[in-house]
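Okay, here's the prediction I keep looking at, along with the sequence it came from:
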Amino acid sequence: MKLTSKLLTAAALLIASASVMAHPGHTEGGFTSGLLHPMLGLDHLLAMAAIGFWSVRQNKLMENAIPAFVIGGMVGGAALAWTGLTVPGVETGITFSVLVAGILIATLAKLPTAVGGTLVGAFMLFHGFAHGAEMPEGATLAAYLAGFSIATLAITLVGRGLGSLMMKADSRFSRGVGGVLAVAGMYLAAA
C-alpha cells in the first residue's frame, strides 16, 4: 500500500473514531483509556491533526520541535489537573485551538519558532488539562499518560503526513482544509 493510501486510511479511521466523544469518561483503565481519549473527541482529534498539518510549512526547527511542544503542553496541562489546580476556560481553549489552527493553515501562516511553539504549547496545555482531569479513577497515572501521549503523537504525525501530501499539491487544497477546520472550530465553540 502506498504511503498516500496509508495516510488517508489512518486519517479516515481517526476521523471516524471521533463519532464517540471523549468527554463522558472511560472505564477501560490506564493505558487503553489514555490511548482512546484523544482519538474519541472530535475537538482533540482535529486540533492535534491540524497542528501536525500546519507544522509542515514551518521552518525546519519548528517542524522538528512540534512533537516536543505538543507533548510538553499535554503533560504540563495534565500535571496541573493532577495537582488539583484549575485552569479557567479549558473547553474554550480547546475549541479555540481548532479555530486558530484552521486559520493558520488557511492563511499558510509561518510563525517564528518561539511564537509558534508557545502557541502550540498553550493550546496543548488546555487539551492536556482536559485529559488529566478526565483520568478514570483507579487508572495508573503512568499508563494513562503513556496512552494519551502515544495517541497524541500518532494523531499529530498523521496530520503532518497529510500536510506533506498537500504541500505537493496546489496550495488551495491546504487553504481549503484550513477553512474547513476553522469552520469546525466555530461550530464547536457555538455547540
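Structure's in. What do you need?

Could you use CA atoms for every contact and neighbour count after this?
Will do.

Check which helix or strand the one residue sitting closest to the centre of the chain maps to.
Ranked by distance to the mean C-alpha position of the chain (CA atoms, centre = their mean), the top residue is residue 48 at 1.6 Å. Secondary structure assignment for residue 48, by DSSP states H and E: helix 42-55.

same question, residue 161
Using DSSP H and E, residue 161 sits in helix 141-167.

Check residue 63 too.
helix 60-82.

And whichever helix or strand comes after the helix holding residue 161, what does it pack against?
Sequence-wise, the next helix or strand downstream of helix 141-167 (DSSP H and E) is helix 171-190. Other elements packing on helix 171-190 under the criterion 3 or more CA pairs under 8 Å, 6 or more residues apart in numbering; DSSP states H and E are helix 42-55, helix 90-106, helix 141-167.

To residue 76, which of these lies closest?
Between residue 76 and the helices and strands packed on helix 171-190, the shortest gap by CA to CA is with helix 141-167, which sits at 11.1 Å.

mind listing what's buried in the closest one?
Judged by neighbour count using 16 or more other CA atoms under 10 Å, the buried positions of helix 141-167 are 141, 143-166.

before we move on, back to that, could you dump the helices and strands packed on helix 171-190 to a markdown table with distance to residue 71?
Below are the helices and strands packed on helix 171-190 laid out as a markdown table (distance: least, CA to CA, whole Å):
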| stretch | distance to residue 71 |
| --- | --- |
| helix 42-55 | 11 |
| helix 90-106 | 15 |
| helix 141-167 | 6 |
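
and of the ones you listed, who's closest to residue 73?
Judged by CA to CA, the one of those that comes nearest to residue 73 is helix 141-167, at 10.6 Å.

Helix, strand, or coil at the closest residue to residue 74 other than its chain neighbours?
What sits nearest to residue 74 in space, not counting adjacent residues and going by CA to CA, 6 or more residues apart in numbering, is residue 128, at 3.8 Å. Under DSSP: H, G, I helix; E, B strand; the rest coil, residue 128 falls in the helix class.

Surely residue 128 touches residue 82?
No. The criterion here is CA atoms under 8 Å, and residue 128 misses it with residue 82 at 10.4 Å.

more neighbours, the two?
residue 128 (33 against 17; other CA atoms under 10 Å).

Contact partners for the residue nearest to residue 74?
By CA atoms under 8 Å, 6 or more residues apart in numbering, the contact list for residue 128 reads 73-78.

For burial, what's the neighbour tally of residue 60?
With other CA under 10 Å as criterion, residue 60 counts 11.
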